[in-house]
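J.: mind looking at a prediction? Sequence and model below.
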Amino acid sequence: MANNYFKFKQFTVNQDKTAMKVGTDGVLLGAWADCNGARKILDIGTGTGLIALMMAQRYPDAEIIAIDIDESACDQARENFLASPWSDRLTVVHSSLQNFVKSNAGEFDHIISNPPYFQNSLRSGDKSRDLARHTDSLSFEELFYCSNNLSSTRASLSIIIPYAAEINVMTIKNNSSYNLFRKLHVQGDINKQVVRSLLEFTKENVANCKEELLYIEKGKRHAYSEEYKALTSDFYLAF
């Protein structure tokens, strides 16, 4: 069973009220996304507030708005924001993305999301967990459409998805104003297949996409790669 809290170097994430606990996906995205120059960042599907907190730590000049469709998740994120050193720059809004876009068009310089990605798969029976994990509440098409309308003319979008969904997501992206300019493929272990894709898009023209590969472990449990430790060392206590 997961602990009721997860302690990082500069903040603690309580997770007793949310179905989705702190996980590697969120930490990877929060550590990797490039929000330099962004003054207003939107975290879609914030859950515990982990990624929003990481953005607040990394970008001291940015205001971060975090939204979630689940009321318990919003309560949890708000609690974690208030306990952090950056409570004055963190706001949580209880809303679906589809409703939020109606009154916040064009406001954000960077949008970041660890979105739901399961399609037509078996439900767990936990309503909050299923809401966070399945695309019923937010499809990839809706994510791109709403992000496109919420972002400013030079804005960026960062997401993490299963590697198997990358081709589908890139096809959907073609109906938006976004161009892919950074990609990170992640292997859980150097001897295993790629399992995650971190993708970063911009509305600006892109000549070449920067592509990288990262493996987390070096063939043995908890034997972490130097690249993974370097990426996450500002957050994990162990590094």
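T.: Sure, I can see it.
J.: isn't I51 up against P115?
T.: No - taking C-beta atoms under 8 Å as the contact criterion, I51 and P115 are not neighbours in contact, 11.3 Å apart. In this view, the C-beta of every residue, glycine as well, is placed from N, C-alpha and C.
J.: of the two, who's got more company?
T.: Higher neighbour count among I51 and P115: I51, with 29 against 21, using other C-beta atoms under 10 Å.
J.: please tell me how far the more buried one sits from N14.
T.: With distances taken as C-beta to C-beta, to the nearest Å, I51 is found 15 Å from N14.
J.: kindly report the same for L53.
T.: In this structure, L53 and N14 are 11 Å apart, going by C-beta to C-beta.
J.: among these two, which residue is more densely surrounded?
T.: Per other C-beta under 10 Å, whichever of L53 and N14 has more neighbours is L53, with 30 against 18.
J.: how about that one, secondary structure?
T.: Each residue gets one of three states, and L53 gets helix by DSSP: H, G, I helix; E, B strand; the rest coil.
J.: the worst-scoring helix or strand of the chain on mean pLDDT: what's the following helix or strand?
T.: Taking mean pLDDT, DSSP states H and E as the measure, the helix or strand of the chain with the lowest value is helix 127-133, at a mean of 45. Beyond helix 127-133 in the direction of the C-terminus, DSSP states H and E gives the next helix or strand as helix 140-150.
J.: which elements pack onto that following helix?
T.: For helix 140-150, the contact count by 3 or more C-beta pairs under 8 Å, 6 or more residues apart in numbering; DSSP states H and E identifies strand 40-44, helix 97-100, strand 108-113, strand 151-162, helix 166-173 as packing neighbours.
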